[in-house]
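> here is a sequence with its predicted model. Questions after.
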Amino acid sequence: MCWSILFFTLLESANDEATAAIRREEKAAEKKLEEPAGEKKNEGGMLALEHAADDERKKSSRKELKEKAFADLCKTNADWVRQALSDAVAFAANKTPREQEVVDRVLYRKSASHTLGVNDISSAFAANVWPSLKNRGWKADQITEGDALGQTRYIYEGKKVSRFGFEL
């Protein structure tokens, strides 16, 4: 599945290049606006009209720049992109897609059957993490007062730790 990381990196690089190109254009436009008044070619109403249409141009320009940057990166890196794409196609041909419930859980969407409560997390911690911590100087203590009565608090080097972090 390394090919998926490579494609994601390629998309991020294209996005970064498009953002950098837009910033360069904005700086050039600002520099043009800062020219002395006698040297300006467009004054008055035309400048205001251009500024109003500027936002719409940025949206379409960003998409075009991103697509162009992606195409350029694909051409530059054609050898490994071709290999990664063929690996992805081969993988997809041999594997069945994941169930939607699994995809939802991986993408952190709420799924009724996979929501973990505080008790589930606490018991998983006690079963999996606590055995190695108690051998490294951690101590467990039952809370005997307040709202958290009966819950376990963990102590490390004199600092009390709850599920919310260190306490004083």
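Thanks, I have the structure now.

> got the contact list for residue 155?
138, 139, 140, 141, 161 (CB atoms under 8 Å, 6 or more residues apart in numbering). (Each C-beta comes from the backbone N, C-alpha and C, glycine too.)

> if we go to 10 Å?
Taking CB atoms under 10 Å, 6 or more residues apart in numbering, we find residue 155 in contact with 137, 138, 139, 140, 141, 161, 167.

> ok, which pair from those is furthest apart?
For the contacts of residue 155, the maximum inter-member distance is 17.6 Å, found between 137 and 167 (CB to CB).

> give the rounded mean pLDDT of stretch 106-120.
Mean per-residue pLDDT for stretch 106-120: 63.

> now the end-to-end length of it.
Stretch 106-120 has an end-to-end distance of 18 Å (criterion: CA to CA, to the nearest Å).

> offset the numbering so it begins at 27, please.
Fine by me, first position is 27 from now on; the one you just mentioned is stretch 132-146.

> and the helices in this structure?
28-59, 71-102, 104-120, 126-132, 144-154, 156-160 (DSSP state H).

> by mean pLDDT, show me the worst of the ones you listed.
With a mean of 71, helix 71-102 has the lowest mean pLDDT of these.

> for the helices of the chain, which one sits closest to residue 177?
Using CB to CB, the helices of the chain put helix 144-154 closest to residue 177, at 8.1 Å.

> so which bits of that closest one are buried?
Within helix 144-154, no residue counts as buried by 16 or more other CB atoms under 10 Å.

> tell me the domain ranges of the chain?
28-121, 139-193 (automatic domain parsing).

> same list (those domains) but as CSV, adding distance to residue 131.
CSV is the format used below for the domains of the chain (distance: least, CB to CB, whole Å):
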stretch, distance to residue 131
domain 28-121, 18
domain 139-193, 5
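
> select, out of the ones you listed, the one closest to residue 132.
domain 139-193 (10.0 Å).

> pretty sure residue 36 contacts residue 92?
No - taking contacts as CB atoms under 10 Å, residue 36 lies outside contact range of residue 92: 11.6 Å.

> follow-up on the earlier one: now for the domains of the chain, which one comes closest to residue 129?
If we rank the domains of the chain by CB to CB, the stretch that ends up nearest is domain 139-193, at 11.4 Å.
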